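Asker: the following comprises the amino acid sequence and a computationally predicted model.
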Amino acid sequence: MTTLYLDRRDTRLKLEGRALAIYTDKERRGTVPLNLLESVVMRSAVSIESSLLANLADAGIAIVIFGGRNASKLAIVHGRSGNDGARRVGQLRLTDDLAWCLTWTRRLVRGKLRRQQRLIVAALRERPDLRLTLTKAREQLMQARAHATDPVSASIDTLRGIEGAGAAAYFKAYCGLFAPELDFTGRNRRPPRDPVNAVLSLAYTLLHAEAVHAAYGAGLDPIIGYYHTLDFGRESLASDLIEPLRPLADTWVWEQFRTRHLRPDHFSREGDACLLGKAGREHFYSAWQVFVRPHRRLLRRASRKLAGRLAEAANTDAIDPEIPF
């Protein structure tokens, strides 16, 4: 199973039998059997027939549509959701179960801190010149993990504070891993103003889309989460699911710049925005496809496991929120 990335202007898609046919400049460029597709990501001006859109959705193939030159505008088209309404009943019911939400949150935060610490440890091997900064960050993350495990941290707000403190220490060290010419001094978005933030934003957006599709495919509502609470317009469950995976995306982004597969000349500026150019996007999508495949499976497994437990929650008072991260 694979993802098809379409990033060329004036591309037209048609349904030919049980295959997706790709045309540019009125010339047929190739076909992809629907049964080999996991999702389709459309970045540029792409025309698509309504019958093809319906067939993709019916086959459970997600269509991810970027509405602008950066990752800030996004639409996702899904197929049919699960048929078991009890799952969503249980999902909503557990938003009022503070003990369950606390256990869920603790596991997410601990998982994220653990992976952040692993990145810092790996960086210590690659960048001995940053030993003092990285060692300090490692110690702060170890302390944050200990606090997140401590029963005294018995509130979600406390855990959010621990996660925030860990993230501050982590990103301070993470910024130092990149060449000064990249001008990466911390997270910024909408628009991203430097090459690293441009790639981080695109990576997080695509990972979030994978989580939305995984949740939806398991019959869950991506909007109803537990660590990320209900907020208008936010897919909180998808945000929950990717929280422990963000450091893995961070590691991948660092690797792309460290090996110079992505370079400053792959980017351009448009006002305050830093944009990834065509050559850079070609590499990004190719490398991302390899990176995301095992994490897509993990998100699906986590969503299915959660869905089963939430179906139980519709008829019981307590379940254990085990997260296979």
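Answerer: That came through, no problem.
Asker: hey, where'd the strands end up in the stretch 201-325 of the chain?
Answerer: Shown for the stretch 201-325 of the chain, the strands assigned by DSSP state E, counting those that start in this stretch span residues 267-270, 273-276.
Asker: winner for burial among the ones you listed?
Answerer: The densest packing among these, expressed as mean neighbour count by mean count of other Cβ atoms under 10 Å, is seen in strand 273-276 with a mean of 20. Using the backbone N, CA and C atoms, a C-beta is placed for each residue, glycine as well.
Asker: now Glu282: how far from Asp194?
Answerer: Per Cβ to Cβ, to the nearest Å, Glu282 is found 21 Å from Asp194.
Asker: the two: which is more packed in?
Answerer: Remark: of Glu282 and Asp194, Asp194 carries more neighbours, 20 against 14, as counted by other Cβ atoms under 10 Å.
Asker: does the closest residue to Ala137 other than its chain neighbours lie in a helix or a strand, and which?
Answerer: Nearest non-adjacent residue to Ala137, counting by Cβ to Cβ, 6 or more residues apart in numbering: Ala173, 3.6 Å away. In this structure, Ala173 is located in helix 156-175 according to DSSP states H and E.
Asker: contact partners of that helix?
Answerer: Judged by Cβ atoms under 8 Å, 6 or more residues apart in numbering, the contacts made with helix 156-175 from elsewhere in the structure are 98, 101-102, 105-106, 109, 112-113, 116, 119-120, 123, 130, 133-134, 136-137, 140-141, 144-145, 147-148, 153, 184-187, 227, 247, 250, 254.
Asker: with stretch 183-192 instead?
Answerer: Surrounding stretch 183-192, the residues in contact under the criterion Cβ under 8 Å, 6+ apart are 70, 72, 171, 175, 178, 194-198, 200-201, 271-274.
Asker: identify those among those that sit within helices.
Answerer: 171, 175, 195-198, 200-201 (DSSP state H).
Asker: Leu237: which of the residues you listed is nearest?
Answerer: The closest of the ones in helices among the contacts of stretch 183-192 to Leu237 turns out to be Ser201 (Cβ to Cβ; 20.6 Å).
Asker: number of nearby residues for that closest one?
Answerer: Residues lying near Ser201 (other Cβ under 10 Å) number 21.
Asker: look up how far Ile22 lies from it.
Answerer: 27 Å.
Asker: same check on Cys101?
Answerer: Where Ile22 is concerned, Cys101 sits at a distance of 45 Å (Cβ to Cβ).
Asker: same question for Ala86.
Answerer: Going from Ala86 to Ile22 by Cβ to Cβ gives 41 Å.
Asker: ok, and what's touching stretch 282-292?
Answerer: Contacting residues not belonging to stretch 282-292 are listed as 2-3, 5, 7, 41, 199, 202-203, 206-207, 210, 249, 252, 256, 261-262, 266, 276 [Cβ under 8 Å, 6+ apart].
Asker: and the residue nearest to Gly30 when sequence neighbours are not counted, what element?
Answerer: With Cβ to Cβ, 6+ apart as the criterion, Gly30 has its nearest non-adjacent residue at 5.5 Å, and that residue is Ile22. Assigning secondary structure by DSSP H and E places Ile22 in strand 19-24.
Asker: from the contact counts, what lies against the helix or strand just after that strand?
Answerer: The C-terminal neighbour of strand 19-24 among helices and strands, as given by DSSP H and E, is strand 27-33. Under the contact criterion of 3 or more Cβ pairs under 8 Å, 6 or more residues apart in numbering; DSSP states H and E, the helices and strands touching strand 27-33 comprise strand 19-24.
Asker: tell me the angle of the strand it packs on relative to strand 27-33?
Answerer: 160 degrees (axes from the mean of the first three to the mean of the last three Cα atoms, to 10 degrees).
Asker: so which bits of the helix holding Ala173 are buried?
Answerer: Buried residues in helix 156-175, counted by 16 or more other Cβ atoms under 10 Å: 156, 158-159, 162-163, 165-167, 169-171, 173-174.
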